[in-house]
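here is a sequence with its predicted model. Questions after.
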Amino acid sequence: MGIVNPAIEEYLGRVAPPSAGVLLEMERLASMRRFPIVGPLVGRLLFLLARATGARAIFECGSGFGYSAHWFAGAVPAGGRVTLTDGSAENCAAARDFLGRAGLLDRCEIKQGDAIEILERSAGPFDIIFCDIDKRDYPRVHPLLRGRLGKGGLFICDNMLWFGKVAGPDQDDDTRGVRELTRLLYADPGLHTTIVPLRDGVSISLRV
């Protein structure tokens, strides 16, 4: 099931400034490897949210080779920090190379390992926590937000419409994980949540 009319998505991609430099390299690598990234439309949203809130401390649960981190790192002020996590040594090395050549590595900390375990060991508070891990594990992130997401901070999660599967009969572990996190976010009195139907769906939750 398509989330956004393909003509609209093509239009949005056409009117936005084209990617260049390291960002374009990363997009081409993702396309060649069929590696999932948030893409420039969501990347621009991440940049705007970080810049609009004045975020200085950002934690990523699942960073791949650093594409979303590139957008975040470009938004934080000098002295800000984006913490990347990924279980793959190859992805971490690629992120270090890309972000270094983009002049953003001094704002980034790259940690190899399980994103949830690293978040559990991280005290915070963070201004933004971004989630893009295995979908079946999405609900495991929710209980960690309370002690780590600062007041006025944002929890942002990608793939929250999951190719439309959330609206259908699918009962696989990934779809159920996305549905359950959605339920938890909307039921949490400490969060104000909405889902933006951009690309594959992006949830944005404000800590109150």
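Yep, that arrived.

work out for me the element the residue nearest the centre of the chain sits within.
When CA atoms, centre = their mean is applied to the chain, the residue found nearest the centroid is Phe130 (4.3 Å). Under the criterion of DSSP states H and E, Phe130 resides in strand 126-131.

pull the residues that contact that strand.
46, 49-50, 53-62, 68, 72, 119, 138, 141, 145, 148-150, 152-158 (CB atoms under 8 Å, 6 or more residues apart in numbering). (C-beta placed from N, C-alpha, C; glycine too.)

for the residue nearest to the centre of the chain, name its beta-bridge partners.
Taking DSSP bridges as the rule, Phe130 bridges to Glu60, Ile156.

start the count at 767, not 1, going forward
I'll keep to 767 as the first residue from here, and by that count the last item is Phe896.

could you pull up the mean pLDDT of the strand holding Phe896?
Strand 892-897 comes out with an average pLDDT of 98.

okay, buried residues for the helix or strand following that strand please.
Using DSSP H and E, the helix or strand that follows strand 892-897 in sequence is helix 908-911. Of all the residues in helix 908-911, those buried under the rule 16 or more other CB atoms under 10 Å are 908, 910-911.

over to stretch 960-974?
961, 964-973.

so how far is Asp900 from the residue of the chain positioned farthest from its centre?
The outermost residue of the chain, judged against the average C-alpha position, is Pro935 (26.1 Å), by CA atoms, centre = their mean. Remark: distance between Pro935 and Asp900 (CB to CB, to the nearest Å) = 21 Å.

thought Gly809 was touching Ser834?
Yes: at 6.5 Å, Gly809 counts as touching Ser834 under the criterion of CB atoms under 8 Å.

would you agree Ala816 falls within a helix?
Yes: with DSSP: H, G, I helix; E, B strand; the rest coil as the criterion, Ala816 is part of a helix.

and it, what does it touch?
Taking CB under 8 Å, 6+ apart as the test, what Ala816 contacts is 824, 837-838, 841-842, 893-894.

average pLDDT across the helix or strand containing Glu883?
According to DSSP H and E, Glu883 maps onto helix 881-886. The average pLDDT within helix 881-886 is 97.

could you do stretch 803-817 as well?
On average, stretch 803-817 scores 97.

any stretches of the protein with poor pLDDT?
767-768 (pLDDT under 70).

90 instead, please
767-772, 889-890, 913 (pLDDT under 90).

those strands in it, which residues are they?
Under the criterion DSSP state E, strands of the chain are mapped to 823-827, 847-852, 874-878, 892-897, 915-924, 957-962, 968-973.

how about those, which one is nearest Pro802?
Nearest of the strands of the chain to Pro802, taken as CB to CB: strand 915-924 at 8.8 Å.

and the angle from that closest one to strand 957-962?
Here the directions of strand 915-924 and strand 957-962 differ by 20 degrees (axes from the mean of the first three to the mean of the last three CA atoms, to 10 degrees).

can I get strand 915-924 in CSV, CA atoms only?
Extracted in CSV, the C-alpha atoms of strand 915-924 (Å, rounded to 0.1, in the frame of the first residue of the first chain):
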residue,chain,number,x,y,z
LEU,A,915,14.2,12.5,27.1
GLY,A,916,14.3,16.0,28.5
LYS,A,917,11.2,18.1,29.1
GLY,A,918,10.3,19.7,25.8
GLY,A,919,12.3,17.1,24.0
LEU,A,920,11.2,15.1,21.0
PHE,A,921,11.0,11.4,20.4
ILE,A,922,11.0,10.8,16.6
CYS,A,923,10.4,7.4,15.0
ASP,A,924,10.6,6.4,11.4
